[in-house]
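Q: Quick one, structure for this:
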Amino acid sequence: MGKRLSKFFFISLTLLALILIACTVLATTEPTTGQQVAEKGSKLPWWAWSVILFVFTFILGILAVLGGVGGGVLFVPLVGGFFPFHIDFVRGAGLIVALSGALAAGPGLLKRNLASLRLAIPVALIASSSAIIGAMIGLALPAHIVNILLGATIIGIVIIMASAKKSDFPNVPKPDKLSQTLGIMGIYREVSLGKDIEWNIHRTVSGLVLFIVIGVMAGMFGLGAGWANVPVLNLLMGAPLKISVATSKFLLSITDTSAAWIYLNSGAVLPMIVVPSVVGIMLGSIVGVRILAVAKPKAIKWMVIGLLLFAGVRALLKGLGIWR
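A: A predicted model of the protein is given here:
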């Protein structure tokens, strides 16, 4: 069974590479939307792009699980760089993709006491407000500026992923006054150790300030913010890794909703992009969970980092007009 899954995984990677090459050849320099894809922007009819997008996002769903990253982080730079859709529509779809995964996971994480409401609420208030501002800024900026900023951000994410170290149980000598006032603390069952773990946080003010920046970036680029939430919650504020990951996932259901409404209200959410993307990512994630048992995590991590680096450089060069 393991060999069959591994074989399926490598076939999927090969198919992903072929799709990227085909999309680069077929897409024109002028991004298009809707039925214009069939008439002006591509040699293929518009519905064919939805089918290709479904297959593409199915594979992305697998990679997102194996690489430990959110689907939005992979979706926006890759689809924006290789498909003939305007970057605004890709960012709108990226937020819906990230939001779908968060909504699916949120209830279970809360039920298991892994996602902390006490930690999530103050962060969500700040990050969701900032995400609205970020979405408004992103829609107001010219497409080439967005691509430049997106490329630089993706390259920054690559650096964070390659260098960041996670701590299962960070040392918090003493919780700060703000976290005590807000009651940000808790207990969860650590099954691997067979005991309950008490946790607190510190550096709360610094963390909340950083979430302003994270919220703006999440709304501006439609990436979701799991890539930034976890390091801040875990390494800076001192929440255990499981609490940080689960709370970050739950946070996306709030912050991404706020930003998604701005894109939806501006007409930047197209069903022909969103529907196949959400279905593809969800189905791919289910398969990815099964492959995870036989895959080598470190190899997958570096493969995802390489893929993101390529997409980031392409977005940057596309924004600068060097690579169309």
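Q: contacts, neighbours, all on C-alpha from now
A: OK.
Q: what ranges of the stretch 201-324 of the chain fall below the confidence cut-off?
A: 224-225, 289, 292-301, 323-324 (pLDDT under 70).
Q: ok, 50 please
A: For the stretch 201-324 of the chain, no stretch is flagged by pLDDT under 50.
Q: now do the stretch 51-200 of the chain
A: In the stretch 51-200 of the chain, no residues with pLDDT under 50.
Q: Run through the strands of it in chain order.
A: Here the stretch 51-200 of the chain has its strands, by DSSP state E, counting those that start in this stretch, at 185-190, 195-200.
Q: So what touches the last one?
A: Read that as strand 195-200. 172, 175, 179, 184-190, 238-240 (CA atoms under 8 Å, 6 or more residues apart in numbering).
Q: make it 7 Å
A: By CA atoms under 7 Å, 6 or more residues apart in numbering, the residues outside strand 195-200 that reach it are V172, P175, I184, M185, G186, I187, Y188, R189, E190, A239.
Q: What about these, which one has the most neighbours?
A: Using other CA atoms under 10 Å as the neighbour criterion, A239 leads the contacts of strand 195-200 with 30 neighbours.
Q: before we move on, the earlier item: export the strands of the stretch 51-200 of the chain to JSON lines and append columns for distance to G267.
A: Output for the strands of the stretch 51-200 of the chain, formatted as JSON lines (distance: least, CA to CA, whole Å):
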{"stretch": "strand 185-190", "distance to G267": "41"}
{"stretch": "strand 195-200", "distance to G267": "42"}
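Q: closest one to V55 among those strands?
A: Among those, the nearest to V55 by CA to CA is strand 185-190 (37.2 Å).
Q: Let me see the ranges of the helices in the stretch 101-250 of the chain.
A: 117-140, 143-163, 177-182, 204-221, 226-231, 241-265 (DSSP state H, counting those that start in this stretch).
Q: and the angle from the longest one to helix 204-221?
A: Using axes from the mean of the first three to the mean of the last three CA atoms, to 10 degrees, one finds that helix 241-265 and helix 204-221 are set 40 degrees apart in direction.
Q: What count of nearby residues applies to A48?
A: 12.
Q: Now do the buried residues in whichever strand or helix holds it.
A: Assessed by DSSP states H and E, A48 sits inside helix 46-67. Using 16 or more other CA atoms under 10 Å as the test for burial, helix 46-67 gives 46, 49-50, 52-67.
Q: how much space between the nearest residue to V79 once chain neighbours are set aside and A64?
A: Nearest residue to V79, sequence neighbours excluded (CA to CA, 6 or more residues apart in numbering): V90, at 6.9 Å. Going from V90 to A64 by CA to CA, to the nearest Å gives 17 Å.
Q: What of V123?
A: Counting by CA to CA - V123 and A64 are separated by 24 Å.
Q: Next, format the contacts of strand 195-200 as JSON lines and append distance to L251.
A: Shown next, in JSON lines, are those (distance: CA to CA, whole Å):
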{"residue": "V172", "distance to L251": "23"}
{"residue": "P175", "distance to L251": "22"}
{"residue": "I184", "distance to L251": "15"}
{"residue": "M185", "distance to L251": "17"}
{"residue": "G186", "distance to L251": "17"}
{"residue": "I187", "distance to L251": "19"}
{"residue": "Y188", "distance to L251": "18"}
{"residue": "R189", "distance to L251": "21"}
{"residue": "E190", "distance to L251": "22"}
{"residue": "A239", "distance to L251": "15"}
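Q: that older thread, so which of the helices of the stretch 101-250 of the chain gets nearest F310?
A: When the helices of the stretch 101-250 of the chain are compared (using CA to CA), the closest one is helix 143-163, at 8.8 Å.
Q: Okay, angle between that closest one and helix 204-221 too, please.
A: 130 degrees.
Q: Now helix 143-163: buried residues?
A: Quick answer for helix 143-163 (16+ other CA under 10 Å): 143-144, 146-155, 157-158, 161.
Q: okay, now T257: neighbour count?
A: Neighbours around T257, by other CA under 10 Å: 21.
Q: Let me see the contact set for the closest residue to it other than its chain neighbours.
A: Setting aside the residues directly before and after it, T257 is nearest to L99 in space (CA to CA, 6+ apart), at 6.7 Å. L99 makes contact with L252, S253, D256, T257, according to CA under 7 Å, 6+ apart.
Q: how does it look with 8 Å?
A: So L99 contacts G224, L252, S253, D256, T257 (CA under 8 Å, 6+ apart).
Q: ok, back up a step: which strands and helices sit next to the helix holding A48?
A: On a contact count with 3 or more CA pairs under 8 Å, 6 or more residues apart in numbering; DSSP states H and E, helix 46-67 meets helix 2-26, helix 71-82, helix 271-292, helix 297-319.
Q: ok, G222 touching G92?
A: Yes. Taking contacts as CA atoms under 8 Å, G222 lies within contact range of G92: 6.2 Å.
Q: Give me the more crowded residue out of these two.
A: It is G222, of G222 and G92, that has more neighbours when counted by other CA under 10 Å, with 35 against 32.
Q: now, which of the contacts of L99 sits nearest W302?
A: Nearest member of the contacts of L99 to W302, counting by CA to CA, is G224, at 20.6 Å.
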